[in-house]
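Participant: Following is a predicted model, sequence given first.
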Amino acid sequence: MLLRGNQVPEPEWRSGNDIYKMLEYVRGKVSDRKLRLFAVACCHRPYYCIEDERHQRAVELAERMADEDVSEVEWQHINQAAYELWQSTWAASITAQRKAPRGTHEVKKLMDADMATAAGWAVLDDAWEAAYQVTGVEWDEMYADEPDYQLAFLHDIFGKPFNRVITSWFTPTIFTLAQAIYADRAFANLPILADALEEAGCDDIDILAHCRSGGEHVRGCWVIDLILGKV
């Protein structure tokens, strides 16, 4: 059975490098879970790795929210701590910018921390804002390849947002294998999954190619989610 959403220019999606435009393509067509997992994947990158427990706990909780209900008390506690961290970092950044040029090392460091802690709070508060926040950076030479990683995450998580095929290929054995890959983050086993899919009769080029593509895969990978029925 073929499921079609609002049609999107497929060539642009496959070859495009405008992250903002591509996020706009999927806005309203994908779940908060998908958007949040994209932001979480970006938050695990070096630029966003803040050595503060408040930030780390926010990102960890956001990932848990993709698969389980969390208590309002826990959410409020961690969300408030992440918000307070961002507010203090933002204030320090503004103060530093008023005292010195933006290009100085200390000011740049504080501005980066401001962006990272803002993402750490947003990832709990608003999934779309978090996805937008993690891409809204003027990358310097040290992080010049960051957009490439973000594009890879975007393709891994959202796949083909305009055309999905659901078939009987997903046998109990394939479901169990996909479940193990997801639970253990064992994405190196995706080629094994591709072999199992082929044996079950799968001839979908995009599914098989994605499983064998190498590169970095994360929680929310569109093929794994498709098999497990996650949205």
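Facilitator: Nice, I can see it.
Participant: What's the separation between the spatially most central residue of the chain and Val30?
Facilitator: For the chain, the residue nearest the mean C-alpha position is Phe38 (1.2 Å; Cα atoms, centre = their mean). Applying Cβ to Cβ, to the nearest Å, the value for Phe38 to Val30 is 9 Å. C-beta here means a position set from N, CA and C on the backbone, and glycine is covered the same way.
Participant: tell me, what's touching these two both at once?
Facilitator: Among the neighbours of Phe38, those also in contact with Val30 (Cβ atoms under 8 Å, 6 or more residues apart in numbering) are Phe158.
Participant: residues in contact with the closest residue to Ile207 other than its chain neighbours?
Facilitator: Nearest non-adjacent residue to Ile207, counting by Cβ to Cβ, 6 or more residues apart in numbering: Val223, 5.5 Å away. Counting by Cβ under 8 Å, 6+ apart, Val223 touches 159, 178, 190, 193, 207, 210-211.
Participant: Give me the buried entries from these.
Facilitator: Neighbour counting over the contacts of Val223 (16 or more other Cβ atoms under 10 Å) leaves 159, 178, 190, 193, 207, 210-211 as the buried ones.
Participant: coming back round to it: would you convert the contacts of Val223 into a markdown table that also reports secondary structure and pLDDT?
Facilitator: Rendered in a markdown table, the data for the contacts of Val223 read as follows (DSSP: H, G, I helix; E, B strand; the rest coil; pLDDT from 0 to 100):
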| residue | secondary structure | pLDDT |
| --- | --- | --- |
| Gly159 | coil | 84 |
| Ala178 | helix | 97 |
| Leu190 | helix | 97 |
| Leu193 | helix | 97 |
| Ile207 | helix | 92 |
| His210 | helix | 94 |
| Cys211 | helix | 96 |
